[in-house]
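Participant: got a structure for you, letters missing:
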């Protein structure tokens, strides 16, 4: 089955530093990937849509200069949390459709990255 | 906002079938129903999806009513490892950031010995 790999699975960083999270589609190509964030006891919330070769699309309220997204190839998207603060501590999850963006193409999710900012 | 309504929680005895209901009364004709589950501290796992017809795979069965206003996910023989939050999602057709999945609160299924 289609596999999405996310790295690292957890990271602890100091306030003010930047953290990069990688999302790879292992056995399929993904022109579009989605980045979600999940706070404790809450559901997943879409942050942005990553598009290969073009700029990402951010959801309302998500700062594009703080959450930098790069989708440089058909199998890799990265999310960089810049100048991280404790309120950025969360569970970040990426996903990608394995058969393009048709409505009947399932999204497959990575195992998430637990970010803790101290 | 999520277009689905699910019970907050359910219990199921190990080895029995787990039937998880979902209401999606405002679903449009070209919108698929997707089911995912999330085990604690992991990414969501795809289970099954359907449009009109009932669907079955190695994990579960999906029963969609004829009017498409509700559906039921069936885990035929629940195990302790099926304990998770189950999300029923109506997938928005592709366009811009649409085509992604909008998660509601889901149903927390607890499988008990």
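Facilitator: Right, received. Where do you want to start? Since the structure is predicted, the reported quantities are computational estimates derived from the model, not experimental observations.
Participant: Give me the neighbour count for residue 51.
Facilitator: Reading this off chain A. For residue A:51, the neighbour count with other C-beta atoms under 10 Å in any protein chain shown is 16. All C-beta atoms are positioned from the backbone trio N, CA, C, and that covers glycine.
Participant: ah, I was thinking of chain B
Facilitator: Neighbourhood size, residue B:51 [other C-beta under 10 Å]: 16.
Participant: Now it: closest residue in space, sequence neighbours ignored.
Facilitator: residue B:32 (5.3 Å; C-beta to C-beta, 6 or more residues apart in numbering or on different chains).
Participant: Over to residue B:26?
Facilitator: Per C-beta to C-beta, 6+ apart, closest to residue B:26 is residue B:3, 5.6 Å.
Participant: Can you give me every residue that contacts the one you found?
Facilitator: B:24, B:26-27, B:90, B:102 (C-beta atoms under 8 Å, 6 or more residues apart in numbering or on different chains).
Participant: Let's test this: mean pLDDT of the strand or helix carrying residue A:46, rounded?
Facilitator: Secondary-structure assignment from DSSP states H and E places residue A:46 in strand A:45-51. The average pLDDT within strand A:45-51 is 92.
Participant: For it, buried residues please.
Facilitator: Of the residues in strand A:45-51, A:46-51 count as buried by neighbour count, 16 or more other C-beta atoms under 10 Å in any protein chain shown.
Participant: Of these, which ones also sit close to chain B?
Facilitator: Near chain B, judged by C-beta under 8 Å from any C-beta of the partner chain, the entries from these are A:46, A:48-49.
Participant: Surely residue A:2 and residue A:29 touch.
Facilitator: No - using C-beta atoms under 8 Å, residue A:2 makes no contact with residue A:29, being 10.6 Å away.
Participant: Can you pick out the residue with more neighbours from those two?
Facilitator: Shown here are residue A:2 and residue A:29; by other C-beta under 10 Å, residue A:2 has more neighbours (17 against 12).
Participant: Give the burial count for the nearest residue to residue B:20 once chain neighbours are set aside, as a bare number.
Facilitator: Closest residue to residue B:20 apart from its sequence neighbours, by C-beta to C-beta, 6+ apart: residue B:73 at 4.4 Å. Neighbours of residue B:73 under the rule other C-beta under 10 Å: 25.
Participant: For the closest residue to chain A within chain B, grab the count of nearby residues.
Facilitator: Nearest residue of chain B to chain A: residue B:43, at 3.7 Å (C-beta to the nearest C-beta). If you count neighbours by other C-beta under 10 Å, residue B:43 ends up with 23.
Participant: quick one, whichever helix or strand residue A:78 is part of and strand A:45-51 angle?
Facilitator: Using DSSP H and E, residue A:78 sits in strand A:76-81. On the basis of axes from the mean of the first three to the mean of the last three C-alpha atoms, to 10 degrees, strand A:76-81 is oriented at 130 degrees to strand A:45-51.
Participant: quick one, what contacts residue A:91?
Facilitator: With C-beta under 8 Å, 6+ apart, residue A:91 has these contacts: A:37-39, A:112-115, B:41.
Participant: Lovely, talk soon.
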